[in-house]
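# Below are the sequence and a predicted model; questions follow.
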Amino acid sequence: MFIFYRTFVVFGGYGDQRFSKLQSNINQLLNGDKGNVDDEASPYYQQLLDSIKYFDVCFNIEIKSKDFKGWSSSDIVVDKDVKNEQIIVFVEQYAQTSKGLTMLIGVLSFGIQGKGKLFVINQLGITTYNDKTSLEYEFLNDAAQHFQSHSTALGGIKCEGDPAMQLLNYSRDLFRQIEQNFYKSQQSLSDSDQEMCKH
């Protein structure tokens, strides 16, 4: 869960029965069914619910079998556009498998104050995967479809062509810059502080 200026953004969970039930229950709350909430707490409770901008606890996907396990996960970064006075959230979605594969599946971006929501699928990375008969390739496509359907459900518009490449590249550069800055900051720490960061 992430909080920006009293705005709550929730991504996580998996698309299975447990999280689907949780999603359904929270949707009921967001639609006004407060259940057993005390009347005195109700205004604060409603204020919290009204602050939830995006909510999806079935955002990821997980597949398990005897010889294979695949799952998706998200990295999230908040980028402040000083020039346009906007706060933009970037969600990078990755597919990973028990056999060591990690691939960027897509990127979802949206503004906290604005209404623009865009997403892109890393189709080039998927289609150029070398073993198209493997369980990994099948999982990559399943993960991409899951990411697309959930990004669309959040109101995202799919980018194609040059805008898609621009969104992918901007997000990659942003995350790469953060990783580099984090590495530099760690290098400046004392040995004891560096050891603490590992735990």
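Yes, it's here. Please read all numbers here as calculations on a predicted model, not as lab measurements. Numbering: from 1, shown residues only.
# Let me know the secondary structure of residue 171.
Secondary structure, DSSP: H, G, I helix; E, B strand; the rest coil: residue 171 is helix.
# Any idea how many residues pack against the residue nearest to it when sequence neighbours are not counted?
In space, and not counting its chain neighbours, residue 171 is closest to residue 107: 4.4 Å by Cβ to Cβ, 6 or more residues apart in numbering. For the C-beta atoms, the positions are set from N, CA and C on the backbone; glycine is no exception. Applying other Cβ atoms under 10 Å, we find 27 residues neighbouring residue 107.
# ok now do residue 107, which residues does it touch?
For residue 107, the contacting residues are 90, 91, 92, 93, 119, 120, 122, 167, 168, 171, by Cβ atoms under 8 Å, 6 or more residues apart in numbering.
# Quick check: the gap between it and residue 62.
Per Cβ to Cβ, to the nearest Å, residue 107 is found 20 Å from residue 62.
# Strand partners (parallel or antiparallel) of the helix or strand where residue 92 lies?
Assessed by DSSP states H and E, residue 92 sits inside strand 86-97. Strands that pair with strand 86-97, judged by DSSP bridges, come out as strand 69-81 (antiparallel), strand 102-111 (antiparallel).
# looking at those strands, which has the lowest confidence?
Of all the strands paired with strand 86-97, mean pLDDT reaches its minimum on strand 69-81 (a mean of 85).
# Name the surrounding residues that touch that one.
Here strand 69-81 makes contact (Cβ under 8 Å, 6+ apart) with 2, 4, 9, 11-12, 14, 59-63, 86-98, 105, 135-136, 139, 142-143, 146-147, 174-175, 178.
# any idea how far residue 135 is from the nearest residue to residue 63 once chain neighbours are set aside?
Computed as Cβ to Cβ, 6+ apart, the closest residue to residue 63 that is not its neighbour in sequence is residue 70, at 4.6 Å. Taking Cβ to Cβ as the measure, residue 70 falls 8 Å from residue 135.
# out of these two, which sits in the more crowded spot?
Neighbours were tallied for residue 70 and for residue 135 using other Cβ under 10 Å; the higher tally belongs to residue 70 (22 against 16).
# Fine, thanks again, bye for now.
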